[in-house]
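I would like to see how this sequence folds:
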Amino acid sequence: MLAMHILPQPDDETCGPTCLHAVYSYWGEKIGLDEVIESARSLNIVGAGRGTLAVMLGIHALSRGYRASLYTFNLHVFDPTWFDGDSCARADFLTSKLIAQAEEKSVDDPRFAVATASYLEFLSKGGEISFGDLSGGLIAGFIRQGLPVLTGLSATYLYRCAREFGPNDDYDDIRGFPTGHFVVLHGFDGKTRGVTIADPLEGNPGFESQRYTVSMERLVPAIMLGVLTYDANLLVIQPPGGAGERGDVNGRVDA
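Residues are numbered from 1 along each chain as shown. As a prediction, this is how the structure comes out:
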């Protein structure tokens with residue numbers, strides 16, 4: 001398990017920056033949560049909804065000198081045929097496909113255009129995007145390398161709570177809509193297939209704690225259903241020199 005300290009998110013829209021701050025802290029960077037929130041891009045600033053996207057958090061990390069890799073399962077934006085047998089694709093190839101798609105496809109959801117522009121910027125800054133099978137082996141592999149995983153998923157599925165409605169995100173099982181959320185994965189038990197989660201939402205309806213363990217069978221569908229809110233991805237950020245460059249290596253505890 002990786003030692004991970006996460007602060008409570010200040011409001012309903014800052015789960016993403018709060019998770020990003022926790023990952024920065026894991027790597028030993030001294031930066032305040034307020035600064036991350038103020039400097040990280042959000043959907044409401046560009047008039048495309050509330051909260052943020054994982055790719056926007058990746059852009060923030062790239063701008064601070066980190067390496068950032070996105071593992072996407074979002075078929076709204078990415079076509080499986082754009083990636084080779086190793087689930088990879090060249091940045092220039094993905095860029096050309098994203099531009100062509102934006103020119104040809106008419107989508108009413110404003111998040112589509114914002115997401116496309118953000119992915120293009122992410123690629124231009126050196127970010128890597130992969131597409132493949134979401135498995136326990138993939139997640140466990142990152143954690144064993146000392147890499148925490150920031151993920152955008154469906155809070156509605158993860159918590160098994162009612163969908164949400166209105167400006168105050170009230171629970172409403174009739175009028176409500178699925179809600180997205182960000183958490184950090186930082187532990188994996190190979191025997192029980194349990195994944196340890198650091199959650200920025202204090203007193204969340206599913207577990208009432210910011211630290212809990214869920215089965216891989218519950219986590220994987222929650223991540224995949226994140227596609228409903230333009231998430232469904234894993235974001236891995238690390239210093240330029242890799243996991244060994246962490247400021248406080250004694251903070252890592254192997255399971």
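
All the strands of the stretch 151-255 of the chain, residue numbers only.
164-165, 170-171, 180-189, 194-198, 211-215, 233-238 (DSSP state E, counting those that start in this stretch).

I meant the stretch 1-150 of the chain, not that one.
Using DSSP E, counting those that start in this stretch, strands in the stretch 1-150 of the chain cover 67-72, 128-131, 149-154.

Which one of the ones you listed lies nearest to residue 93?
Closest to residue 93 of these is strand 128-131 (C-beta to C-beta; 10.6 Å). Bear in mind the C-beta positions are built from the backbone N, C-alpha and C, glycine included.

Test for you: state the pLDDT assigned to residue 245.
Looking at residue 245, its pLDDT reads 65.

about what we covered before: export the strands of the stretch 151-255 of the chain to CSV and tack on mean neighbour count, mean pLDDT and distance to residue 116?
Below are the strands of the stretch 151-255 of the chain laid out as CSV (neighbours: other C-beta atoms under 10 Å; pLDDT from 0 to 100; distance: least, C-beta to C-beta, whole Å):
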stretch, mean neighbour count, mean pLDDT, distance to residue 116
strand 164-165, 18, 94, 26
strand 170-171, 12, 92, 31
strand 180-189, 24, 97, 18
strand 194-198, 22, 98, 29
strand 211-215, 15, 97, 31
strand 233-238, 24, 98, 15
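
returning to what we had before: can you say which of the strands of the stretch 1-150 of the chain is packed in most?
Among the strands of the stretch 1-150 of the chain, the stretch with the highest mean neighbour count (mean count of other C-beta atoms under 10 Å) is strand 149-154, at a mean of 26.

what does it contact?
16, 19-20, 23, 53-54, 57, 139, 142-143, 178-186, 219, 222-223, 225-226, 228-229, 231-237 (C-beta atoms under 8 Å, 6 or more residues apart in numbering).

so how far is it from its chain's centroid?
Here the centre of mass of C-alpha atoms in strand 149-154, compared against the chain's by C-alpha atoms, centre = their mean, to the nearest Å, lies 4 Å away.

Repeat that for stretch 172-181.
Remark: stretch 172-181 is offset 20 Å from the chain centroid, using C-alpha atoms, centre = their mean.

C-alpha coordinates for it, PDB please?
Below are the C-alpha coordinates for stretch 172-181, written out as PDB (Å, rounded to 0.1, in the frame of the first residue of the first chain):
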ATOM      1  CA  ASP A 172     -33.500  12.300  -6.300                       C
ATOM      2  CA  ASP A 173     -34.100   8.800  -7.500                       C
ATOM      3  CA  ILE A 174     -36.700  10.000 -10.000                       C
ATOM      4  CA  ARG A 175     -35.400  13.200 -11.500                       C
ATOM      5  CA  GLY A 176     -31.700  12.600 -10.800                       C
ATOM      6  CA  PHE A 177     -28.700  12.000 -13.100                       C
ATOM      7  CA  PRO A 178     -25.500   9.900 -12.500                       C
ATOM      8  CA  THR A 179     -22.700  11.900 -10.900                       C
ATOM      9  CA  GLY A 180     -19.000  11.700 -11.600                       C
ATOM     10  CA  HIS A 181     -16.300  11.800  -9.000                       C
END
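
Any buried residues in that stretch, and which?
Buried residues in stretch 172-181, counted by 16 or more other C-beta atoms under 10 Å: 176, 179, 180, 181.

hey, where'd the helices end up in this structure?
Taking DSSP state H, the helices of the chain run over residues 15-26, 33-39, 54-63, 91-104, 110-124, 136-144, 155-159, 216-224.

nearest to residue 76, of those?
Among the helices of the chain, helix 110-124 sits nearest to residue 76 (C-beta to C-beta), with 6.7 Å.

Can you tell me what sits against the closest one?
Contacts of helix 110-124 (C-beta under 8 Å, 6+ apart): 41, 43, 46-49, 53, 55-56, 58-59, 62, 68, 70, 76-77, 91, 94-95, 98-99, 101-102, 105, 107, 129, 230.

What residues sit buried inside it?
Those would be 111, 112, 114, 115, 116, 118, 119, 120, 121, 122, 123, for helix 110-124 by 16+ other C-beta under 10 Å.

Many thanks, have a good one.
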